[in-house]
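> here is the input, now give the coordinates:
(one chain, ligands or ions: 1)
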Amino acid sequence: MLMDADTTHDLEPAVKTIGARLADAMPGARHTPRAAVERRVMGAMVADPELRAAVFRFVDVRPACADPADLARHLGELLAEAQDSPLARRGAALAGGALTRRPLAHAAAAGVRQMAQRFIIGADARAALPGVEKLWRSGAATTIDLLGEATVTEEEADSYAARCEAALLVLHEASQRWDRRPLLEADGAGPIPRVNLSVKVSALTPLLRALAPERGIAGAEPRLRRLLRVARDTGAHLHVDMESFDTREAITELTLRLLGEPEFADGPSAGIVLQAYLTESPEHLDRLLDWAREHPRAHPLTIRLVKGAYWDHETVEAVQHGWPSPVFSERRACDRNFEALSRRIIDARGIRAAIASHNLRSIAHAAAYADARGRDVEFQVLRGLGDDTLAALLAAGRRTRCYAPVGDLVAGMAYLVRRLLENTSNDSFLRAQAEGVDLTTLLEAP
Ligand SMILES: Cc1cc2nc3c(=O)[nH]c(=O)nc-3n(C[C@H](O)[C@H](O)[C@H](O)COP(=O)(O)OP(=O)(O)OC[C@H]3O[C@@H](n4cnc5c(N)ncnc54)[C@H](O)[C@@H]3O)c2cc1C
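Predicted structure coming up:
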């Protein structure tokens with residue numbers, strides 16, 4: 001062992017070297033015209049909050065527009081509302097012109113659809129196969145996420161569970177034909193399944209509520225149990241995503257309760273998520289590691305470490321209710337915690353470590369630490385948002401998985417809005433990188 005988990009200053013030269021190499025290996029979007037246009041749109045949205053709001057509203061109403069005339073009318077109205085934005089004013093003038101109205105609406109609709117397609121790998125599991133297989137050939141594993149609207153009825157929960165089950169079967173059948181990829185198919189803890197599905201407990205029951213966690217657990221339990229059985233029987237990995245803080249206890253309890261049953265001791269491979277923006281995440285990790293020690297499994301529990309996707313929601317909720325916020329209020333504190341948790345997860349026995357981030361500093365830190373300790377680690381990125389990061393990680397020969405959403409246009413638009421919000425938020429690494437902040441600053445210890 002080269003160092004203790006607490007003495008990390010020795011790690012900095014390796015972090016900087018790995019980070020610089022990854023940055024060098026990023027293809028950048030500048031080479032394809034379509035990507036260059038997207039980058040310009042993204043840049044304009046970052047710089048212009050009014051335009052940003054108009055685009056979000058347009059993405060929102062886009063699936064509901066009946067015909068091109070309807071689309072043109074909505075676009076014109078939304079742009080006209082953004083009075084302080086010069087770009088939006090120019091767009092509103094075009095949207096008002098008899099000759100320019102329709103072409104502009106068409107172009108805007110096509111642009112939004114193209115952007116959504118960048119994030120989404122297919123309308124359903126079968127349509128996703130070419131994309132999944134292309135990634136596999138390029139050396140990347142995937143985890144499929146079936147997008148859907150909020151689940152408010154038992155029928156919707158059944159339908160989501162059925163789509164998950166169908167996806168497992170479709171992927172299982174197709175994966176038999178894939179070429180071997182030794183890096184993606186085994187690590188020091190044993191075989192890694194080719195097929196990997198991420199599921200949301202809130203989609204498996206309409207009853208997941210903070211005030212009645214046991215009702216949510218009871219509602220989702222039969223559907224999650226069935227998915228675990230299908231995953232076990234087809235040799236797939238099932239990953240339970242983490243959602244807003246008020247559901248964390250129910251999601252954790254349900255997942256660990258089921259995985260702790262003798263029925264699932266030999267499989268499937270499964271995982272859970274730890275959110276580093278939660279101030280009490282170190283204690284939550286204690287709980288997960290204690291559980292893993294007490295429940296040895298044929299496939300060790302995978303812990304996917306993320307920062308957390310609900311920062312604004314958690315902050316607003318806490319203010320509204322007058323209770324203390326569960327999340328760090330400072331980005332650097334969150335990043336420091338992410339690094340401390342990365343080291344603990346990478347060091348832990350009886351679990352698998354997955355580091356999910358697009359932040360080069362956070363990734364380079366985990367890679368340097370895993371290298372120094374001689375431990376396995378998997379990196380994970382989101383399709384569309386983390387494409388450059390994925391390319392760099394693959395070039396560096398790192399085990400990497402791409403989180404790939406599957407869904408139709410309506411679900412795709414809702415997902416696109418969430419990702420655009422993330423990409424254009426003040427406190428995002430990707431935004432700082434896109435704005436040209438220098439590499440030394442980007443790789444500074446938090
Ligand atoms: C493969 C994959 C799977 C994921 N699965 C999940 C999941 O199951 N559940 C989930 O919640 N998220 C999930 N996420 C999203 C993730 O939590 C982050 O939102 C996203 O990855 C951005 O973090 P980053 O490290 O890439 O970027 P960075 O730019 O380094 O960090 C941005 C993040 O910092 C945090 N942050 C922002 N502002 C502040 C502030 N002022 N103070 C403190 N913290 C702040 C937020 O969490 C924000 O998302 C996943 C991400 C990936 C890549």
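> what are the ranges of the strands in the protein?
Using DSSP state E, the strands of the chain run over 141-146, 186-187, 190-191, 196-199, 237-240, 269-275, 301-306, 351-356, 378-382, 400-406.
> and the last one with the ligand, contact?
So that's strand 400-406. Yes - using C-beta under 6 Å from any ligand atom, strand 400-406 reaches the ligand at residue 403. Every C-beta, even on glycine, is put in place using the N, C-alpha and C of the backbone.
> just the C-alphas of that strand, formatted as CSV.
Coordinates of each C-alpha in strand 400-406 appear next as CSV, following Å, rounded to 0.1, in the frame of the first residue of the first chain:
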residue,chain,number,x,y,z
THR,A,400,-16.1,2.8,-18.2
ARG,A,401,-19.8,2.5,-18.4
CYS,A,402,-22.2,4.9,-20.3
TYR,A,403,-25.6,5.5,-18.6
ALA,A,404,-27.9,5.5,-21.6
PRO,A,405,-31.5,6.6,-21.3
VAL,A,406,-34.2,5.0,-23.5
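> now do residue 241 against the ligand, distance only.
Using C-beta to the nearest ligand atom, to the nearest Å, one obtains 3 Å as the distance from residue 241 to the ligand.
> that residue: what's it in contact with?
145, 198, 199, 200, 201, 273 (C-beta atoms under 8 Å, 6 or more residues apart in numbering).
> equivalent analysis for residue 442, please.
Counting by C-beta under 8 Å, 6+ apart, residue 442 has contacts 19, 23, 360, 361, 429, 432, 433.
> near the ligand too, which of the contacts of residue 241?
Counting by C-beta under 6 Å from any ligand atom, the members of the contacts of residue 241 near the ligand are residue 273.
> so the protein: which segments form each domain?
As given by automatic domain parsing, the domain ranges for the chain are 9-25+121-406, 29-117.
> can you say which of the ones you listed is nearest to residue 416?
Residue 416 lies closest to domain 29-117 among these, at 4.6 Å (C-beta to C-beta).
> can you tell me if the closest one touches the ligand.
No - judged by C-beta under 6 Å from any ligand atom, domain 29-117 makes no contact with the ligand; its nearest approach is 13.3 Å.
> quick check: chain neighbours aside, which residue is closest to residue 132?
residue 142 (5.0 Å; C-beta to C-beta, 6 or more residues apart in numbering).
> contacting residues for the one you found?
121, 132, 135, 136, 196, 401, 402, 403, 404.
> let's go with 7 Å and repeat that
Taking C-beta atoms under 7 Å, 6 or more residues apart in numbering as the criterion, residue 142 is in contact with 132, 135, 196, 401, 402, 404.
> could the strands of the chain be laid out in TSV, adding mean pLDDT?
Formatted as TSV, the strands of the chain follow (pLDDT from 0 to 100):
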stretch	mean pLDDT
strand 141-146	97
strand 186-187	98
strand 190-191	96
strand 196-199	98
strand 237-240	98
strand 269-275	98
strand 301-306	98
strand 351-356	98
strand 378-382	97
strand 400-406	97
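> of those strands, give the one that comes closest to residue 47.
strand 378-382 (23.3 Å).
> and the closest one, what does it pack against?
Counting contacts by 3 or more C-beta pairs under 7 Å, 6 or more residues apart in numbering; DSSP states H and E, strand 378-382 is packed against strand 351-356, helix 387-395, strand 400-406.
> nearest to residue 424, of these?
Nearest of the helices and strands packed on strand 378-382 to residue 424, taken as C-beta to C-beta: helix 387-395 at 16.7 Å.
> what angle sits between the closest one and strand 400-406?
Using axes from the mean of the first three to the mean of the last three C-alpha atoms, to 10 degrees, the inter-axis angle of helix 387-395 relative to strand 400-406 is 140 degrees.
> list the helices and strands helix 387-395 packs on?
Secondary-structure packing of helix 387-395 (3+ C-beta pairs under 7 Å, 6+ apart): strand 378-382, strand 400-406.
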